[in-house]
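K.L.:
Sequence first, then the predicted structure:
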Amino acid sequence: MKLKNIFGNMSLILLVLILLSTTVSAHGLAPAKIPLNFEPNLEKEISFLALTKGDFPTYFTLELEGEVSPYAELDKNSLFINIGETQKEFKVKLKLPENLPPGPNILYVKVIEQDTLSTSTASAKNALVGQIIINVPYTGVYVDSKLEIEHGEIAKPMTFTVSLFGRGDIPAMCYATIDIFDPEGKKLDTIVTNQNQVAQAQATKVEAIWRNNLEKGLFDAQATVICGEQKTILNEQFYVGNPSVNVLEIKADNFILGEIAPIRLMLQNNWNRKFDDVFVEILVLDDFGKLIQQFKSATLPIGAEEIKEYTAYWETEKLSIGKYNLNVITYFDKKGTLQESFIADVGINKLTVQKATGQVIGAEEGKSSSFMPVIILLLVILVAMNAGFIYYLKSRKKIIK
C-alpha cells in the first residue's frame with residue numbers, strides 16, 4: 001500500500017512539473033529576427049506579436065536595448081493578454097541617423113513576463129528577446145584585427161600574432177608594429193611583423209617573433225595595425241613565467257603548548273606586480289595524512305617582489321608533543337595557489353618548522369599503504385576460518401543424524 005502511495009505521489013509531482021514546464025514555454029515572440037539593410041535617415045515601423053496559449057491572463061512589459069536603441073521607440077510599454085486571447089501586437093518605430101558603424105547593428109526587443117503590470121509589485125518571470133539587425137555595408141578598406149600572445153617562458157622566444165579579417169570591398173596590405181612595456185609603462189622593445197594582403201571575407205594573419213629577454217612577470221603589449229589608410233590600436237597583457245608567492249620561513253615566538261600560538265609566516269612575492277588579496281591556509285596532518293586541524297592567516301596585499309610577514313593563530317590545546325606534517329597553501333588574488341610542505345616539531349614550550357624534503361601527502365600515502373598486505377592476509381585467514389567452521393557444523397549435523 002505504501003509503495004502504491006509513493007508511486008502515486010511521484011506521478012503527481014511529475015505531472016505538475018510537466019504542466020509547469022509547458023506553462024514556462026507557452027509564450028512566444030514573432031518574428032524572432034528581422035534583418036534590414038541600412039539607409040541613411042530611414043524611418044520604418046515594424047510590427048511584433050507577443051504570443052500565448054490563452055489559458056490564463058498574462059502581463060508583459062516591453063524594453064529596447066542595444067546600440068540602435070537611441071534611434072527606436074515602442075508604441076506601448078506593456079501588454080495584457082487575457083484568457084482566450086492568444087496574441088497581442090506592438091510596434092517598434094525606427095528613425096535611423098545619417099551614419100551607423102559598419103557591420104551588424106542590433107536592436108534587442110525584450111518582452112518580459114510579469115506577475116502584474118503594477119510597477120510597485122511587478123516581479124519578472126521570463127523574457128522573450130527578438131532582434132532587429134541593421135546591416136551597414138563596409139566600403140573601402142575595413143579590416144578586423146585581434147592581437148594574440150601565448151604566455152612565454154623565461155629567456156625563450158615568443159610569437160606575437162595579429163589575426164586579420166577583411167570586411168571592406170577594397171583589399172589592403174597589412175602589418176603591425178608592437179611595443180612592449182613593463183608594469184610602470186616603460187617601453188622595453190619594439191618589434192615589427194611581416195606583411196600580408198587582406199581581401200574581402202578573407203582571414204589571414206601577420207606575426208613577429210620576439211627574442212624574449214625578460215624576467216618573470218606580467219607585461220603589456222600595444223600593437224598598431226596598419227592596413228592601407230586604416231590604423232587600429234590593440235592592447236594585450238602577457239605573462240613570462242608563472243606568478244607565485246612562496247613561504248620563506250615559518251616561526252613561532254614564545255610558543256607554549258596548549259595555548260593559542262601566533263605563527264609568523266614570511267612570504268615572498270616573486271611577481272613584478274602587486275597582489276591585492278593574499279592569505280595562507282595551513283592544514284595540520286598526522287603521520288598517516290589524516291587532517292587534524294586547519295587555520296588561516298588574515299588577507300593582506302603584497303607588493304611587487306616584496307617580502308612580507310603574515311600571521312596565523314594556531315589553537316594547540318588538543319595537540320601532543322611530537323611531529324606534524326603541515327600543508328601550507330598560499331592563495332594570491334585569483335591568479336592561483338601554491339602548496340608547500342613543512343614538518344612542525346612541537347615541544348612543550350618550543351616549535352620548530354622546517355621545509356619538507358618531499359610532498360607530505362605522497363609520503364604519508366606510501367606509509368599507510370604498507371599496512372595493506374597485512375590487512376589483506378588477515379582477511380584471507382578470516383574468510384578461510386569462517387568457511388572451515390561452516391563445513392565443520394554441516395559435517396557434525398550429518399553425523400548426528
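P.N.:
That came through, no problem.

K.L.:
what packs against the helix or strand hosting F90?
P.N.:
Per DSSP states H and E: F90 is located in strand 87-95. Judged by 3 or more C-beta pairs under 8 Å, 6 or more residues apart in numbering; DSSP states H and E, strand 87-95 is in contact with strand 43-51, strand 58-66, strand 72-74, strand 78-81, strand 103-114. The way it works is simple: take the backbone N, C-alpha and C, and place the C-beta from them, glycine included.

K.L.:
so can I have CSV of the ones you listed showing mean neighbour count, distance to I191 and mean pLDDT?
P.N.:
What follows is these, written out as CSV (neighbours: other C-beta atoms under 10 Å; distance: least, C-beta to C-beta, whole Å; pLDDT from 0 to 100):
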stretch, mean neighbour count, distance to I191, mean pLDDT
strand 43-51, 15, 49, 95
strand 58-66, 18, 38, 95
strand 72-74, 16, 45, 96
strand 78-81, 17, 57, 94
strand 103-114, 18, 30, 94
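
K.L.:
Include distance to Y175 when you put these into CSV, please.
P.N.:
Listed next are the helices and strands packed on strand 87-95 as CSV, based on distance: least, C-beta to C-beta, whole Å:
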stretch, distance to Y175
strand 43-51, 42
strand 58-66, 34
strand 72-74, 40
strand 78-81, 54
strand 103-114, 23
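
K.L.:
now for the ones you listed, which one comes closest to H151?
P.N.:
Each of the helices and strands packed on strand 87-95 has some distance to H151 by C-beta to C-beta; the shortest is strand 103-114, at 30.9 Å.

K.L.:
Run me through the strand neighbours of the closest one, direction for each.
P.N.:
Strand pairing for strand 103-114, using DSSP bridges, gives strand 58-66 (antiparallel), strand 124-136 (antiparallel).

K.L.:
what sits against A221?
P.N.:
Counting by C-beta atoms under 8 Å, 6 or more residues apart in numbering, A221 makes contact with L147, I149, F160, I178, D179, I180, F181, N235, E236, Q237, F238.

K.L.:
cool, and K146?
P.N.:
Counted by C-beta under 8 Å, 6+ apart, K146 has contacts V162, S163, L234.

K.L.:
so where's the stretch 301-401 of the chain uncertain?
P.N.:
335-336, 357-401 (pLDDT under 70).

K.L.:
run the last query once more with 80
P.N.:
334-336, 357-401 (pLDDT under 80).
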